[in-house]
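> okay, predicted coordinates and the sequence, questions at the end:
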Amino acid sequence: MATSPSAEAPTAPGATAPRPFRVARRRRETKDTWTLELEPLQGDPLAAAPGQFTMLYAFGVGEVPISVSGDSTGPLVHTVRAVGAVTEAICRSKPGTVLGVRGPFGNPWPVGIDVGLDVVIVAGGIGLAPLRPVLYHVLARRDEYGGVALLYGTRTPADILYASELERWRGRFDLHVGVTVDSATAGWRGRVGVVPKLVAGASFDPASTIALVCGPELMMRFTARSLLERGVPADRIYVSLERNMRCGAGHCGHCQLGPTLICRDGPVYRYDEVAAFAEVPEL
Amino acid sequence: METIEAVLRDVPLFGGLTSEDLALLAGCASNVRFEEGERIFRDGEQADAFYVIRHGTVALETFVPARGPVTIETIESGEVLGWSWLFPPYRRHFDAVALTRVRATGFDGSCLRGKCEADPRLGYDLMSRFAQVLIERMRWMRIRLLDVYGYEPVG
Ligand SMILES: Cc1cc2nc3c(=O)[nH]c(=O)nc-3n(C[C@H](O)[C@H](O)[C@H](O)COP(=O)(O)OP(=O)(O)OC[C@H]3O[C@@H](n4cnc5c(N)ncnc54)[C@H](O)[C@@H]3O)c2cc1C
């Protein structure tokens, strides 16, 4: 059985005071999304497990939680979508810019899972960013797993993240990659339809599958339902709840979800532990 | 070479049907194949058939002025393509184009309607199965209407 990921108390160095990191590389993914590679000005590189996030500080503008999107054995990588003042400032940061980093925080994905299980990774939109490290992890130990599927949906073809990497992964014989868009533009020859439909049609053995899901909350809810209908047990479905948070350290209560604080107990939860809270708007 | 009846046995839409019913259905069915880019049916045409896709992907398209053909939905192996054959006025509402080479089982709609009328029990059973397909499609469409990525904080 897969076990629930252990909560990691946010007491790591850098938990309270931001450490300065320099933008080493910046790559544009889509019209509003950029991937940044960050290196510390001094000291050790930041070691973060797949699913963890940092509080990323654009000096003079503000601080936001951003998931790690790179390989946990490599440099700190974040993929950021510009939606407001802080994320816009981060996306504008050219190589050489210094950003503050606190963390890592949060529960990782349960990647130390049973040998032999099928792994179904379901991502929607920017939700692929926190799941990409899982894929790196699994592909580096491919023999330890059964079938591995990445099911990814976005709004339009122009919103697809990591397009060339997806293309490469699609060419592998030991990984099933399904990509779908909600709305096609002329010339798109791929799938059109929602991610939960991909789940309904994908081939995996539900009874011995672990499913990791990240995306907008509605997408996760409908995806979880499709997984449950396929017969995946609720305690083997994991979701990452990326509701807004402020302190990142379990003090302010901004990200409360039922009895839990997402920054302290999440963002990765077992679906059966949060389904009831996640569907109630006020919680 | 597998008989059509044997092929139909593995189609989820027909799961649990008796051998007699499968034989009746097989009497209205044939194996068909479409090359990549081939048009399977056209918007406005008489709808005389439906297909169960065995291999490949089909795009349901519509032509949008100044944009060209736009895919509304894709249909994959194991899924049903077309239900206008079941309801008057039996007209297609979209174009269907093979995105890849497609192998499918094609059903003659009027042959099947005739059998359903002659055997209301089979007719009711098939109608329930198609209703299930329609409900499922409607569910995916409704989720799309929610435009979940539009609600996403990050876009
Ligand atoms: C654990 C966690 C991990 C995250 N990982 C990533 C990531 O890898 N990449 C990425 O691009 N973003 C990620 N986010 C979301 C990111 O933190 C927000 O987009 C950011 O805080 C927005 O700040 P802003 O100042 O740019 O915009 P703001 O002006 O603060 O917000 C813009 C709009 O988005 C809404 N909003 C902002 N954040 C959220 C949220 N989390 N949930 C719901 N609504 C929100 C605001 O209400 C507002 O309408 C993550 C969030 C969490 C909690």
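Yep, that arrived.
> now the strands for chain B?
In chain B, the strands defined using DSSP state E lie at B:29-34, B:39-41, B:49-55, B:58-64, B:68-75, B:80-81, B:95-98, B:102-108.
> what is the worst-scoring helix or strand of chain B on mean pLDDT packed up against?
Scoring the helices and strands of chain B by mean pLDDT, DSSP states H and E places helix B:148-151 at the bottom, with a mean of 76. Here helix B:148-151 touches helix A:217-230, going by 3 or more C-beta pairs under 8 Å, 6 or more residues apart in numbering or on different chains; DSSP states H and E. All C-beta spots, glycine's among them, are computed from the backbone N, C-alpha and C.
> helices or strands up against the helix it packs on?
Helix A:217-230 packs on strand A:118-124, helix A:195-201, strand A:209-214, strand A:237-240, helix A:271-278, helix B:148-151, going by 3+ C-beta pairs under 8 Å, 6+ apart.
> in JSON lines, list the ones you listed along with mean neighbour count and distance to B:Tyr124.
Formatted as JSON lines, these follow (neighbours: other C-beta atoms under 10 Å in any protein chain shown; distance: least, C-beta to C-beta, whole Å):
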{"stretch": "strand A:118-124", "mean neighbour count": "26", "distance to B:Tyr124": "36"}
{"stretch": "helix A:195-201", "mean neighbour count": "24", "distance to B:Tyr124": "25"}
{"stretch": "strand A:209-214", "mean neighbour count": "26", "distance to B:Tyr124": "36"}
{"stretch": "strand A:237-240", "mean neighbour count": "26", "distance to B:Tyr124": "36"}
{"stretch": "helix A:271-278", "mean neighbour count": "18", "distance to B:Tyr124": "36"}
{"stretch": "helix B:148-151", "mean neighbour count": "18", "distance to B:Tyr124": "36"}
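> CSV for these, including distance to A:Arg22?
Shown next, in CSV, are those (distance: least, C-beta to C-beta, whole Å):
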stretch, distance to A:Arg22
strand A:118-124, 29
helix A:195-201, 36
strand A:209-214, 28
strand A:237-240, 28
helix A:271-278, 37
helix B:148-151, 32
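> tell me which of the ones you listed sits nearest to the ligand.
Nearest to the ligand, of all those, is strand A:237-240, at 7.1 Å by C-beta to the nearest ligand atom.
> partners of the closest one, with directions?
Applying DSSP bridges, strand A:237-240 is found paired with strand A:209-214 (parallel), strand A:268-270 (antiparallel).
> any idea which of the helices and strands packed on helix A:217-230 scores lowest on pLDDT?
Ranked by mean pLDDT, these bottom out at helix B:148-151, with a mean of 76.
> how far is that one from where the chain is centred?
Relative to the mean C-alpha coordinate of its chain, helix B:148-151 is positioned 29 Å out (C-alpha atoms, centre = their mean, to the nearest Å).
> so is it next to the ligand?
No - using C-beta under 6 Å from any ligand atom, helix B:148-151 stays clear of the ligand, with a minimum separation of 8.6 Å.
> rewinding a little: got the strands paired with strand A:237-240 as a markdown table, with distance to B:Leu60 columns?
Shown next, in a markdown table, are those (distance: least, C-beta to C-beta, whole Å):
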| stretch | distance to B:Leu60 |
| --- | --- |
| strand A:209-214 | 27 |
| strand A:268-270 | 37 |
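> ok, which stretches of the stretch 1-150 of chain A are helices?
Secondary structure of the stretch 1-150 of chain A (DSSP state H, counting those that start in this stretch): helices at A:85-91, A:128-140.
> and the contacts of the first one?
The contact list for helix A:85-91 (C-beta atoms under 8 Å, 6 or more residues apart in numbering or on different chains) reads A:32-34, A:36, A:56, A:58, A:61-64, A:66, A:78, A:80-82, A:99, B:154.
> go back to these and keep what's next to the ligand.
Restricting the contacts of helix A:85-91 to those touching the ligand (C-beta under 6 Å from any ligand atom) yields A:62, A:64, A:66, A:80-81, B:154.
> which segments of chain A make up each domain?
For chain A, the domain assignment from automatic domain parsing gives the residue ranges A:19-105, A:118-278.
> picking up where we left off before, alpha carbons only: can I get the least confident helix or strand of chain B in CSV?
This file holds the C-alpha atoms of helix B:148-151, laid out as CSV (Å, rounded to 0.1, in the frame of the first residue of the first chain):
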residue,chain,number,x,y,z
VAL,B,148,-11.9,25.1,-15.7
TYR,B,149,-8.7,26.6,-16.9
GLY,B,150,-10.5,30.0,-17.1
TYR,B,151,-11.1,29.7,-13.3
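> what's next to that helix, contact-wise?
For helix B:148-151, contacts defined as C-beta under 8 Å, 6+ apart pick out A:124-125, A:154-155, A:159, A:182, A:194, A:215-216, A:218-219, A:222, B:155.
> now, which of these sits nearest B:Phe130?
Top of the list for closeness to B:Phe130, among the contacts of helix B:148-151 and by C-beta to C-beta, is A:Val194 at 21.0 Å.
> my read is that A:Tyr238 contacts A:Pro108, right?
No - judged on C-beta atoms under 8 Å, A:Tyr238 makes no contact with A:Pro108 at a distance of 10.1 Å.
> nearest to A:Phe21, of the helices and strands packed on helix A:217-230?
Closest to A:Phe21 of the helices and strands packed on helix A:217-230, according to C-beta to C-beta: strand A:237-240, at 22.8 Å.
> which strands and helices lie in contact with the following helix or strand past the closest one?
Downstream of strand A:237-240, the first helix or strand assigned by DSSP states H and E is strand A:256-257. Here strand A:256-257 touches helix A:271-278, going by 3+ C-beta pairs under 8 Å, 6+ apart.
> count the neighbours of B:Glu45 for me.
Neighbourhood size, B:Glu45 [other C-beta atoms under 10 Å in any protein chain shown]: 14.
> so who does the nearest residue to A:Thr209 once chain neighbours are set aside touch?
Spatial nearest neighbour of A:Thr209, excluding adjacent residues (C-beta to C-beta, 6 or more residues apart in numbering or on different chains): A:Asp118 at 4.3 Å. Contacts of A:Asp118 were listed using C-beta under 8 Å, 6+ apart, and they are A:145-149, A:204-205, A:208-210.
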